[in-house]
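[1] Got a sequence here, can you build the structure:
(2 chains)
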Number of protein chains: 2
Amino acid sequence: EETHPVIIAGFGHFGNTVGRFLRANGVNATYLDIDSDRVALLRRMGFKVYYGDASRHDLLRAAGAAHAKLLVIAIDNVEKRLEMIETAKKHFPNLHLYVRSRNRFDAYELLNAGMLHVYRESLDTSLRMGVDVLKMLGHDAYHATRMSKMFLKYDEKNLKKLAAIEDREAYILEARTRMEELERILQEDTNNRLMLQVDAAWDDASLIKEATQQATAQTE
Amino acid sequence: EETHPVIIAGFGHFGNTVGRFLRANGVNATYLDIDSDRVALLRRMGFKVYYGDASRHDLLRAAGAAHAKLLVIAIDNVEKRLEMIETAKKHFPNLHLYVRSRNRFDAYELLNAGMLHVYRESLDTSLRMGVDVLKMLGHDAYHATRMSKMFLKYDEKNLKKLAAIEDREAYILEARTRMEELERILQEDTNNRLMLQVDAAWDDASLIKEATQQATAQTE
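    Below is the predicted model:
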């Protein structure tokens, strides 16, 4: 039995994209999925997909979990996902776990379960849409992209801090403060950029003035 | 009544992220959501959110649709989303529509309904996870990121071609061909990069050899 470095559990749009991207980079993965129709379709598309419940340790073992390096948990079912994490932690502590999460609150739960690699499924795409909206409104494309990277970075940092707060009222207050802080950081970066443009324009103006004065002085 | 350039319908994780990102870039939006609990919570977080069914043209009009530039359709409900698109096309042809889609097949439907800006919600995040997996396996971070950008670009191009195919068997064949082509393009880019490294190493070796020969000649 051939062992791949990566096992991907859940082969919907998320897991499928990870798998195709890895394969395009020369990395083979073993796939697990519980939807028999999808398994049949994907096999016809040329994927090696195993059918079964990925939270069962015997299935994970058969898929090579004892020798793989990474387990991508891309399944949709939140309870199954937590079961799978428990199984993996107990039976295959060698595996690095990369986990898809649905949203912010789902991500808190995963972080509190000790997960290090948590990916909110729609975060990056919503930011790409945000960049495109800014571009449509006439904003600078390079700057908008830079802003989206800063946003992602700070939002991920805040996520880890907010995950630790259990009290709902304290959470709302802290979430709002963090959100406003993030917006302020991005606005400051934009202001700095505008200041640099003003400075550059000022410098250009002084240089033009200086050059004109020199030219005038020479012709006088 | 103040009119914002952007209206965002659906204020879950997707719409919320777009809205926060726009606000951090100085762009105000009007928000619509049908979940009264969420509206209450988000108002407490400092957002101006209107409660109601965003597929109704009177609500869209009240939200400023006649004078806005863009409508972000980030709602989860697939049927409501199509209704909303029809309403917007009929009553507010001035609006550019930016639409969230769940997956590939959902995106086909939106493209076939004439939508120009369609965003598969988990596409970008699954690619970011793919990049991180490659990095964990020891791949070069810069190259992995470059690959993810190429993947996104070609996959989006293929999406538009595949959306036009109605026959299921023809679709499977074409999808598989396109998928293999995409993987080949990325692999070729990787091979070219490796060739360049070999060339560079070869050049370095020749330069070192040449320099050594010159140095030896001088001391002889």
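[2] and whichever residue of chain A sits closest to chain B, what does it touch?
    Here chain A gets closest to chain B at one residue, A:Asp124, 3.4 Å apart by CB to the nearest CB. Where you see a C-beta, it was placed from the backbone N, CA and C, and this is true even at glycine. Under the criterion of CB atoms under 8 Å, 6 or more residues apart in numbering or on different chains, the contact list for A:Asp124 reads A:152, B:124-125, B:127-128.
[3] Between all of those residues, which two are separated the most?
    Within the contacts of A:Asp124, two members stand farthest from each other by CB to CB: A:Leu152 and B:Leu127, at 13.1 Å.
[4] More neighbours: these two, which one.
    B:Leu127 (24 against 16; other CB atoms under 10 Å in any protein chain shown).
[5] Report the contact partners of the nearest residue to the more buried one once chain neighbours are set aside.
    Nearest residue to B:Leu127, sequence neighbours excluded (CB to CB, 6 or more residues apart in numbering or on different chains): B:Ser148, at 4.4 Å. With contact set as CB under 8 Å, 6+ apart, B:Ser148 has these partners: A:21, B:127-128, B:130-131.
[6] least confident pick among those residues?
    Within the set of these, pLDDT is lowest for A:Phe21 (95).
[7] A:Asn16 against A:Met45, yeah?
    No. The pair A:Asn16 and A:Met45 fails to qualify as a contact (CB atoms under 8 Å) at a distance of 9.2 Å.
[8] Neighbour count: those two, which is higher?
    A:Asn16 (25 against 15).
[9] after the host helix or strand of that one comes which helix or strand?
    Assigned by DSSP states H and E, A:Asn16 falls within helix A:13-24. Going down the chain from helix A:13-24, the next helix or strand is strand A:29-33, by DSSP H and E.
[10] List the contacts of the closest residue to A:Met84 other than its chain neighbours.
    Once flanking residues are discounted, A:Met84 sits nearest to A:Ser55: 4.2 Å by CB to CB, 6+ apart. For A:Ser55, the contact set (CB under 8 Å, 6+ apart) comprises A:80, A:83-84, A:87.
[11] ok, now A:Arg61?
    Counting by CB under 8 Å, 6+ apart, A:Arg61 has contacts A:His91.
[12] So it: helix, strand or coil?
    The three-state label for A:Arg61, taken from DSSP: H, G, I helix; E, B strand; the rest coil, comes out as helix.
[13] From B:Asn94, how far off is it?
    59 Å (CB to CB, to the nearest Å).
[14] Repeat that for A:Glu166.
    47 Å.
[15] Could you pull out the buried residues of the helix or strand hosting the residue nearest to B:Leu127?
    Using DSSP H and E, B:Ser148 sits in helix B:141-163. By 16 or more other CB atoms under 10 Å in any protein chain shown, the buried positions in helix B:141-163 come out as B:143-144, B:146-148, B:151-152, B:154-155, B:158-159, B:162-163.
[16] Quick check, central residue of chain A?
    Most central in chain A under CA atoms, centre = their mean is A:Tyr119, positioned 5.1 Å from the mean C-alpha point.
[17] Doesn't it belong to a strand?
    Yes. Assessed by three-state DSSP, A:Tyr119 belongs to a strand.
[18] Double-check that A:Leu97 belongs to a strand.
    Yes. Applying three-state DSSP, one finds A:Leu97 inside a strand.
[19] what's it in contact with, if anything?
    Per CB under 8 Å, 6+ apart, neighbours of A:Leu97: A:70-71, A:73, A:85, A:88-89, A:115-117.
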